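Trainee: pasting a predicted model and its sequence here:
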Amino acid sequence: MEPYRYTVTNTTIWNALFMIHALGFFQVMPLFPLPAVKVLGVLGNLGDYFGGHVQFTILVVLILNV
C-alpha cells in the first residue's frame, strides 16, 4: 500500500497547487475571437511579462505534473 499512498499524495498536492494558482493568482479572461487572454488575478498587476508569460509557464508546469 505504500506506493499507492505516495501516488495519491503526490497527485493531491499538485492538484491543490494547480487550483490555488489557476483560481487565485492567475485568473484568465479569454478574448474571443482573438487567440489571446487577459490576466485578471492578483498577479495581473505585475505587468505583461511577469504577470502573464511567466505565470502561464508556471501554470503549464503545474498542469503537466497533475
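Mentor: Yes, it's here.
Trainee: who's in contact with the longest helix along the chain?
Mentor: If you go by DSSP state H, the chain has its longest helix at helix 2-20. Contact partners of helix 2-20, identified using Cβ atoms under 8 Å, 6 or more residues apart in numbering, comprise Leu59, Leu62, Ile63, Asn65, Val66. C-betas here are computed from N, CA, C, even on glycine.
Trainee: which of those residues lies closest to Gly41?
Mentor: Leu59 (10.8 Å; Cβ to Cβ).
Trainee: pick out the residue nearest the middle of the protein.
Mentor: The centre of the chain sits closest to Leu59, judged by Cα atoms, centre = their mean, with a distance of 3.1 Å.
Trainee: where's that one, which helix or strand?
Mentor: Under the criterion of DSSP states H and E, Leu59 resides in helix 54-65.
Trainee: who's in contact with the residue nearest to the centre of the chain?
Mentor: Neighbouring residues of Leu59 by Cβ under 8 Å, 6+ apart: Phe18, His21, Ala22, Phe26.
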